[in-house]
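S.K.: Coordinates for the following, if possible.
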Amino acid sequence: MNSDLAAQVRAVLDVDVSEFRAQARADAEVVKTELRDGTFDNHRSIIGLEYEFYAVADGRWRREGDAAETGTELVRVPRRLLELIRFEKELGLHNAELTTSPQPLNAEGLRAQAAGVRSHLLSALETTRIEGMRLVSDGMWTIPPSGETARDYLTDSITDDGVRIATNMTDAVRYHAMANGPNTPSPFSIDAPHVDLEADTVMPESLITSIQPHYQVPHAPDLPTYHNYALRVAGPLLALGVNSPFFPPDLYEEGVAPETVVADARAENRIFVFESVLNSEEAKKVQFPEDLDTVEEAVDRVANDPTVVPMPVDRGDRFDDQFATLRRKHGTFWRWVRPVFDGADRSSANARIEFRPIAAQPTVRDSMAFMATFAGLMESLPQNEHPVIDQDWRVARENFYDAAREGLASEQRWITNDGVETTDPARLYADLFSHAEAGLRNAGCTAEQAKHYVDPLRERVESGVTPAGWKRDEVRERVESGEPLGTAVPAMQRAYVGNQTETLLDGDFTDWL
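M.R.: Okay, the predicted model is just below:
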């Protein structure tokens, strides 16, 4: 298998980059023509979701004499099991991704999204339990596989006839090609306080998992307006969703006091892992994007993005095969808010926004809350011409990275409905939630239904506790009692998984408080 994979990687590396870029630009002209013809327009808003998990041992098969401080170690998911539960491969062998079917944004569509995730996940949990593992919804794993260190797991690789292959990475060619191309970082490293990790492949990115709500816009030329509003809500929503303050303990530098690690822990390390691993001086692939002026500009950004993996493209009879190279290039166009153009046929052609800042959450209801709140905001803010659109882009960007560092303590700047700037969380979120609920009501939800979807996020504001804050408190208490990071962080992680076992399908994060 490694030899076959290495051969496929070599085939990718033989693709002429200049021809690939030229074809991507030609494809962009096809998309822009179809945009002018109205092909990507739809009469309603559509929602969807990508939901990533990682797998851990459920602890049922501990040997007699094993310490109580065991269990929830990361495990590799057999490929046959992924197929059985109908989840998709992600970067690491421990990952599994659930993608929902797109639904109209209305009360029934939201209900269908939530029910689809719960029913699919319930079936998967029952199946994986037989294999002695459990799927976890979380921002970052911190306990490596049994008998391994996180460093070894993330850096282990082999060389096959000059091609570097990560041992614990899924067999997707584009992931492995990224470690072997001329324009990729070398080495791949993580930029985080007191963390020391370098690898020969992109495998360190497999530390992180996320949810990605999709919002399909009704009128494609209006996509820039939705995109720019999404940039303004990115910081405030990220501040509520932070969920990855800690790394596996063996990745921290030696000699750093545990108290210092806790004090300096960023609320959402996922943001910085993704950026530091995949960005280089030559190619800033992951970033907070600038505002868009036209929908054509969105297409051109994908076409002109630095090429890292110029993979060969087969063109078939689908509608979006007319711009297959641009679609392939889009696969490495990583932005925290990302425009997408695709569709198997003309009737399903769509332009949508992928909202990518939010980590996987403690429970399904929490994840649905972010999906519904984002969708409600996309419905309401443009329709009401909310003045936050006039917030300077640089402020929106500062909000985003401040939220990633400090979570709810980041003093987000917001412009309220009456045009007044505020950093008061109560005023900010009162305005944001009222518009989210208004958008959901306009989409067909009752006031009670809209409130139900948004409430888990409102309760985080009222309590002042995010998942990252909960994790930091758990580790801080143990460190202050004299525990080293090597036991404090895993103990927190086992408590997280234990709480999630009871609440994943039918509870929410506030049940943990």
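S.K.: Which parts of the chain are strands?
M.R.: With strands called from DSSP state E, the chain shows them at 46-57, 95-99, 103-104, 133-136, 157-160, 163-166, 188-189, 198-199, 211-216, 337-342, 350-355, 414-415, 421-422.
S.K.: got CSV for these, with mean neighbour count, mean pLDDT and distance to residue 33 too?
M.R.: In this view, the C-beta of every residue, glycine as well, is placed from N, C-alpha and C. Below are the strands of the chain laid out as CSV (neighbours: other C-beta atoms under 10 Å; pLDDT from 0 to 100; distance: least, C-beta to C-beta, whole Å):
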stretch, mean neighbour count, mean pLDDT, distance to residue 33
strand 46-57, 22, 97, 23
strand 95-99, 21, 97, 29
strand 103-104, 18, 96, 27
strand 133-136, 24, 97, 43
strand 157-160, 14, 91, 43
strand 163-166, 21, 92, 39
strand 188-189, 20, 93, 38
strand 198-199, 18, 95, 42
strand 211-216, 23, 98, 20
strand 337-342, 22, 96, 12
strand 350-355, 23, 97, 14
strand 414-415, 22, 98, 37
strand 421-422, 14, 98, 41
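S.K.: Which of those sits closest to residue 452?
M.R.: Closest to residue 452 of the strands of the chain is strand 46-57 (C-beta to C-beta; 16.2 Å).
S.K.: Output that closest one in PDB, but only the C-alpha positions, please.
M.R.: Coordinates of each C-alpha in strand 46-57 appear next as PDB, following Å, rounded to 0.1, in the frame of the first residue of the first chain:
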ATOM      1  CA  ILE A  46     -29.900  25.900   2.400                       C
ATOM      2  CA  ILE A  47     -28.000  24.700   5.400                       C
ATOM      3  CA  GLY A  48     -25.500  21.800   5.900                       C
ATOM      4  CA  LEU A  49     -22.800  20.700   8.300                       C
ATOM      5  CA  GLU A  50     -19.500  18.900   8.400                       C
ATOM      6  CA  TYR A  51     -18.800  17.400  11.900                       C
ATOM      7  CA  GLU A  52     -15.400  15.900  12.800                       C
ATOM      8  CA  PHE A  53     -14.700  13.400  15.600                       C
ATOM      9  CA  TYR A  54     -11.700  11.500  16.900                       C
ATOM     10  CA  ALA A  55     -11.800   8.000  18.300                       C
ATOM     11  CA  VAL A  56     -10.700   6.900  21.800                       C
ATOM     12  CA  ALA A  57     -10.600   3.600  23.600                       C
END
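S.K.: Same list, the strands of the chain, but as CSV with distance to residue 483 please.
M.R.: Formatted as CSV, the strands of the chain follow (distance: least, C-beta to C-beta, whole Å):
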stretch, distance to residue 483
strand 46-57, 21
strand 95-99, 29
strand 103-104, 46
strand 133-136, 22
strand 157-160, 33
strand 163-166, 33
strand 188-189, 28
strand 198-199, 28
strand 211-216, 31
strand 337-342, 40
strand 350-355, 37
strand 414-415, 39
strand 421-422, 40
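S.K.: right, so of these, which gets closest to residue 179?
M.R.: Nearest of these to residue 179, taken as C-beta to C-beta: strand 163-166 at 4.9 Å.
S.K.: Residue 388 is in contact with residue 229, isn't it?
M.R.: Yes. Assessed by C-beta atoms under 8 Å, residue 388 is found in contact with residue 229 at 7.4 Å.
S.K.: Mind jotting down where the helices sit in the stretch 51-200 of the chain?
M.R.: Using DSSP state H, counting those that start in this stretch, the helices of the stretch 51-200 of the chain run over 79-85, 107-130, 150-155, 173-178.
S.K.: which residues touch residue 287?
M.R.: 275, 279, 335-336 (C-beta atoms under 8 Å, 6 or more residues apart in numbering).
S.K.: same deal with residue 118?
M.R.: Shown in contact with residue 118 (C-beta under 8 Å, 6+ apart): 364, 505.
S.K.: rerun at 10 Å
M.R.: Counting by C-beta atoms under 10 Å, 6 or more residues apart in numbering, residue 118 makes contact with 364-365, 368, 504-506.
S.K.: right, and the strands of the chain - which one's nearest residue 428?
M.R.: Evaluated over the strands of the chain, closeness to residue 428 peaks at strand 414-415, with 4.1 Å, by C-beta to C-beta.
S.K.: contact partners of the closest one?
M.R.: With C-beta under 10 Å, 6+ apart as the test, strand 414-415 has contacts from 232-233, 235-236, 386-391, 395-396, 399, 420-425, 427-429, 431-432.
S.K.: any idea how far the nearest residue to residue 417 once chain neighbours are set aside is from residue 439?
M.R.: The shortest distance from residue 417 to any non-neighbouring residue, by C-beta to C-beta, 6 or more residues apart in numbering, is to residue 431 (5.5 Å). As for residue 431, its distance to residue 439 is 13 Å (criterion: C-beta to C-beta, to the nearest Å).
S.K.: And the two? Which one has more around it.
M.R.: Neighbour comparison, residue 431 and residue 439: the larger count goes to residue 439, with 26 against 20 (by other C-beta atoms under 10 Å).
S.K.: Let's see the pLDDT reported for that one.
M.R.: pLDDT recorded at residue 439 is 98.
S.K.: again with the one 10 residues further on
M.R.: Among the per-residue scores, residue 449 holds a pLDDT of 98.
S.K.: how close does the residue lying closest to residue 380 once chain neighbours are set aside get to residue 212?
M.R.: Counting by C-beta to C-beta, 6+ apart, residue 439 is the residue found nearest to residue 380 once chain neighbours are left out, at 3.3 Å. If you measure residue 439 against residue 212 using C-beta to C-beta, the figure is 19 Å.
S.K.: go on, residue 107?
M.R.: The span separating residue 107 from residue 212 equals 22 Å under the rule C-beta to C-beta.
S.K.: Quick check: the spatially most central residue of the chain vs residue 240, distance?
M.R.: The centroid of the chain falls nearest to residue 210 when counting by C-alpha atoms, centre = their mean (3.1 Å). Remark: distance between residue 210 and residue 240 (C-beta to C-beta) = 15 Å.
S.K.: again with residue 315
M.R.: Distance, residue 315 to residue 240, using C-beta to C-beta: 43 Å.
S.K.: Go ahead and confirm residue 30 touches residue 326.
M.R.: Yes. With contact defined as C-beta atoms under 10 Å, residue 30 counts as touching residue 326 (7.9 Å).
S.K.: Touching both of the two, which residues are there?
M.R.: 299, 320.
S.K.: between these two, who's got more neighbours?
M.R.: Legend: neighbour count by other C-beta under 10 Å for residue 30 and residue 326, higher for residue 326 (25 against 14).
S.K.: The more buried one: what's it in contact with?
M.R.: Counted by C-beta under 10 Å, 6+ apart, residue 326 has contacts 23-31, 299, 302-303, 313, 320, 333, 341-342.
S.K.: Residue 435: what's it in contact with?
M.R.: Listed by C-beta under 10 Å, 6+ apart, the contact partners of residue 435 are 233, 373, 376-377, 379-381, 383-384, 386, 388, 417.
S.K.: at 6 Å instead, please
M.R.: If you count contacts by C-beta atoms under 6 Å, 6 or more residues apart in numbering, residue 435 has them with 377, 380-381.
S.K.: In the residues you listed, which residue is surrounded by the most others?
M.R.: The most neighbours of any of these, using other C-beta under 10 Å, belong to residue 377, which has 29 neighbours.
S.K.: Report the separation between that residue and residue 383.
M.R.: When residue 377 is compared with residue 383 (using C-beta to C-beta), they lie 11 Å apart.
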